[in-house]
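A.B. asks: Sharing a model that was predicted from the sequence below.
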Amino acid sequence: MKRYQVVIVGGGPAGAACARKLVEAGMDCLVVDKANFPRQKTCAGWVTPSVFADLGIVPEDYPFDLTVFPRLKIFLNGFPITRPGRQYAIRRLEFDSWLLDLSRAEFLRHEIKEIRKTEQGYSLDGVIEAQVLVGAGGTHCPVARMARKESGQKRGARIVALESEYRINWQDPVCRLWFLENQLPGYAWYVPKKGGYLNIGVGGNAQVLKERGSSIQEHWEYLVGKLLHLGLLEDQPEDPRGYVYHLRGGDEPPGGKDLYLVGDAAGLATLDMGEGIGPAIRSGQLAAEAILGQGVYSVSRIPRYSLLPVGLRWLVS
Ligand SMILES: Cc1cc2nc3c(=O)[nH]c(=O)nc-3n(C[C@H](O)[C@H](O)[C@H](O)COP(=O)(O)OP(=O)(O)OC[C@H]3O[C@@H](n4cnc5c(N)ncnc54)[C@H](O)[C@@H]3O)c2cc1C
């Protein structure tokens, strides 16, 4: 059995950001992921300027195609608002792999199935031992499953999403977001990306959809019809992929001392914009600081980013 000071389960933005700080501090740290990188991740790939600031990188130094939006066009139940301010879009396939490389952490491709608490820390599938365990495995993270079973702490609202990102010669470069349209308890998006990719999708509160007898598939079909009608699409898009994640709003995630949950494993995406990449990175960094004895891990220390004017945020809550 191989022993490490820290084992991070999941090499997405949360795990990679945590690993980077730990490796920089000289810690003996392993990242385990069931996927080989580069790997696909269902996500529109919108990132805020704060993401680059947190990573200590100027956007111009990002080595892949970076789409820059000088403003976003937002529709609140049909009412248009243009939000000025630089925003970015990346492709997760490229971004996540780059971030993991940047960490320079040892990497193991392996799907973690069983975690046991031991006297020295944790045993993972009987092949790896960790003094400290970081759960960064997204919504279905096995570390989070184990920790939540023991603690009973609640998670925030569950969001279901459908999305397609594919190669297409898009004509309109303006990023658009539609909130609450067609009674969607969430929002739909059109994100044209540099390099000839388009990302479109819908995400909504699963419980509210259920109560209304509606489904995310219906809202996907509505979005496709709308994009065809507006001339933003000429043909049917590629079939969407689905994913589920939790919004911030439940209790503090379980853990502390020798176990930390970060990113989607902790349920940290924000309500109005569904931003999860920034909170994943920030939580990974905070967990690393706590492990290094440089701070306390608490999700209350992660700022919430919003593009909606303050007075309108309640509309999407
Ligand atoms: C449709 C959609 C659109 C979104 N759009 C945006 C957006 O535009 N901007 C934004 O900021 N956020 C967006 N989000 C949210 C964002 O994608 C997530 O919040 C973010 O990916 C969380 O990162 P993470 O590192 O916590 O998890 P992930 O990126 O999911 O990484 C988790 C990793 O853990 C690995 N793993 C899982 N289980 C195991 C296991 N048992 N053993 C080993 N490895 C395992 C997985 O392979 C994966 O690589 C969107 C989400 C969805 C679903």
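C.D. replies: Arrived safely, thanks for sending.

A.B. asks: who's in contact with the residue of the stretch 1-150 of the chain found nearest the ligand?
C.D. replies: Shortest the stretch 1-150 of the chain-to-the ligand distance, computed as CB to the nearest ligand atom: residue-wise this is Gly12, at 2.3 Å. All C-beta atoms are positioned from the backbone trio N, CA, C, and that covers glycine. Contact analysis of Gly12 by CB atoms under 8 Å, 6 or more residues apart in numbering lists Asp33, Lys41, Asp96, Ala136, Gly138, Gly263, Asp264, Ala280.

A.B. asks: Number of residues surrounding the last one?
C.D. replies: So the one you mean is Ala280. 29 (other CB atoms under 10 Å).

A.B. asks: Return whichever strand or helix holds it as CSV; C-alpha atoms alone will do.
C.D. replies: Ala280 is part of helix 277-291, with elements assigned from DSSP states H and E. Only the C-alpha atoms of helix 277-291 are listed here, as CSV (Å, rounded to 0.1, in the frame of the first residue of the first chain):
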residue,chain,number,x,y,z
ILE,A,277,-15.6,26.8,-11.7
GLY,A,278,-14.6,29.8,-9.6
PRO,A,279,-15.9,28.4,-6.3
ALA,A,280,-14.3,25.1,-7.1
ILE,A,281,-10.9,26.7,-7.5
ARG,A,282,-11.3,28.9,-4.5
SER,A,283,-12.4,26.1,-2.3
GLY,A,284,-9.5,23.9,-3.4
GLN,A,285,-7.1,26.6,-2.5
LEU,A,286,-8.8,27.2,0.9
ALA,A,287,-8.6,23.5,1.7
ALA,A,288,-4.9,23.5,0.8
GLU,A,289,-4.3,26.5,3.1
ALA,A,290,-6.1,24.7,5.9
ILE,A,291,-4.1,21.5,5.4
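
A.B. asks: Which strands or helices does that helix pack on?
C.D. replies: Counting contacts by 3 or more CB pairs under 8 Å, 6 or more residues apart in numbering; DSSP states H and E, helix 277-291 is packed against helix 13-24, strand 46-47, helix 49-55, strand 128-135, strand 259-261.

A.B. asks: Outside of the last one itself, list whatever touches it.
C.D. replies: When you say that, I think you mean strand 259-261. Applying CB under 8 Å, 6+ apart, the contact partners of strand 259-261 are 18, 122, 132-136, 141, 143-144, 147, 253-255, 287, 290-291, 297.

A.B. asks: Then the shortest one?
C.D. replies: Here strand 46-47 makes contact (CB under 8 Å, 6+ apart) with Gln87, Tyr88, Ala89, Ile90, Phe95, Cys175, Trp189, Val191, Met273, Glu275, Ile277, Gly278.

A.B. asks: from the chain's centre, how far out does it sit?
C.D. replies: Put simply, strand 46-47 sits 10 Å off its chain's centre (CA atoms, centre = their mean, to the nearest Å).

A.B. asks: and it, which strands flank it?
C.D. replies: Based on DSSP bridges, the pairing partners of strand 46-47 within the sheet are strand 79-89 (antiparallel).

A.B. asks: Pipe the helices and strands packed on helix 277-291 into JSON lines and attach mean neighbour count and mean pLDDT per row.
C.D. replies: Below are the helices and strands packed on helix 277-291 laid out as JSON lines (neighbours: other CB atoms under 10 Å; pLDDT from 0 to 100):
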{"stretch": "helix 13-24", "mean neighbour count": "27", "mean pLDDT": "98"}
{"stretch": "strand 46-47", "mean neighbour count": "24", "mean pLDDT": "94"}
{"stretch": "helix 49-55", "mean neighbour count": "17", "mean pLDDT": "96"}
{"stretch": "strand 128-135", "mean neighbour count": "24", "mean pLDDT": "98"}
{"stretch": "strand 259-261", "mean neighbour count": "28", "mean pLDDT": "97"}
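
A.B. asks: Near the ligand, list only the ones from the contacts of strand 46-47.
C.D. replies: Subset of the contacts of strand 46-47 in contact with the ligand: Glu275, Ile277, Gly278, counting by CB under 6 Å from any ligand atom.

A.B. asks: With that, I have no additional questions.
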